[in-house]
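K.L.:
Let me see the structure of the following:
(chains A and B)
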Amino acid sequence: MELYDIIFYFFAAMILVSGFVVVGSKNIVYSAYSLLFVLVGIAAFYILLGADFLGVVQLMVYVGGILILLLFGIMLTNKVKGVEIKSDSNFVIPSLITIAVFTAFLLFVITETNWLEITPEFVQTTVKSLGIELIQNYSLVFEILAVVLLIALIGAATLARNDNKEN
Amino acid sequence: MPTDSIMLTEFGKILIFMILSVVFVAIGLFAAKLIRPSRPTKEKSTIYECGEETVGSPYVKFNIRFYVVALIFIIFDVEVVLLFPWALAYKNFGVPGFLVGISFLIILVLGMAYEWRKGDLEWDRPRPNIPNLINDKAGFDK
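P.N.:
Numbering: from 1, shown residues only, chains lettered A, B, ... in the order given. Predicted structure coming up:
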């Protein structure tokens, strides 16, 4: 498990450092780019845990989609000329309290949980068994997912269109 | 199975590729830094933009249409992700398995048709945001 640990700590360090840049950077573009490394690191965590499909979804949807949308958002809202895009640190003390409470809660959960000790055994890809489950037992869920996506699609388009008319 | 060979799954190979690509670039840059002479002039250290003098800020405002397209892209991205497991497994179930995926697709094609009908996919109103270059240039000539 030597190599496994090394990879884990490498990605953990990557997530921590880039996470600090995300919240600490004055330039919001740097924050968005650091978020890239955070999300890639989380994808690596999923893969290390044996959840390969989840890892690929994380890469495709978050890194490939939502992060691009975030960057678009920054580039859309920025003025052509003039003010630098900055982010300020507001509400330092309330957020410190929130962090402390949340950390205490997480530590409590981590120490109190009876963790199952499983040797990480990398079986064949889980994607096919997932597909079999989706068709066999969860085909209704699969179709409802399509409806949810449809609603999201129409909602997003409607919101974006209304925004456009105001301009 | 010894522990080391467990790690070398398909993702282990991808990791090796990632590490190799980083190392490859790092070696290239480091070797270039060792070999090349360093005589920077004012001209050399200006930002290179296809040989032209740079004008304006690099943060150009994008057309709002890109955002709508990106939003729609994310929805279909999720759709593709959900279709991957189905595509691997539907052959085990014959026609019913195929129909499950097809009805999934039909529901989403409805959304696509809606977007098309409403003109969200049209690129008919281009409003180019041309930055005021003349005013920006004054600061650069110093």
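
K.L.:
Not counting its neighbours along the chain, what's nearest residue B:68?
P.N.:
Leaving aside its chain neighbours, residue B:68 sits nearest to residue A:160 (4.4 Å; criterion: C-beta to C-beta, 6 or more residues apart in numbering or on different chains). In this view, the C-beta of every residue, glycine as well, is placed from N, C-alpha and C.

K.L.:
next one: the helix or strand where the one you found lies to chain centre, how far?
P.N.:
If you go by DSSP states H and E, residue A:160 is part of helix A:139-166. With C-alpha atoms, centre = their mean, to the nearest Å as the basis, helix A:139-166 stands 21 Å off its chain's centre.

K.L.:
same thing with stretch A:18-37?
P.N.:
Distance, centroid of stretch A:18-37 to centroid of chain: 14 Å (C-alpha atoms, centre = their mean).

K.L.:
Give me the average confidence score over that stretch.
P.N.:
Stretch A:18-37 shows an average pLDDT of 87 in the prediction.

K.L.:
what's the burial count for residue B:33?
P.N.:
By other C-beta atoms under 10 Å in any protein chain shown, the residues close to residue B:33 number 9.

K.L.:
For it, give me the pLDDT.
P.N.:
Taking residue B:33 on its own, its pLDDT is 91.

K.L.:
Please tell me how far it sits from residue B:48.
P.N.:
18 Å (C-beta to C-beta, to the nearest Å).

K.L.:
now residue A:110
P.N.:
For residue A:110 relative to residue B:48 (C-beta to C-beta), the value is 50 Å.

K.L.:
Same question for residue B:21.
P.N.:
Distance of residue B:21 to residue B:48, computed by C-beta to C-beta: 24 Å.

K.L.:
and the next element down the chain from the helix or strand containing residue A:37?
P.N.:
Per DSSP H and E, residue A:37 falls inside helix A:28-48. As assigned by DSSP H and E, the chain's next helix or strand after helix A:28-48 is helix A:52-57.

K.L.:
if we can go back for a sec, neighbours of the residue nearest to residue B:68, how many?
P.N.:
Residues near residue A:160, counting by other C-beta under 10 Å, number 18.

K.L.:
center of chain B - which residue?
P.N.:
residue B:70 (10.7 Å; C-alpha atoms, centre = their mean).

K.L.:
what's near enough to touch the residue of chain A at minimum distance from chain B?
P.N.:
As assessed by C-beta to the nearest C-beta, chain B sits closest to residue A:131 within chain A, at 3.0 Å. Taking C-beta atoms under 8 Å, 6 or more residues apart in numbering or on different chains, we find residue A:131 in contact with B:84, B:85, B:86, B:87, B:88, B:89, B:90.
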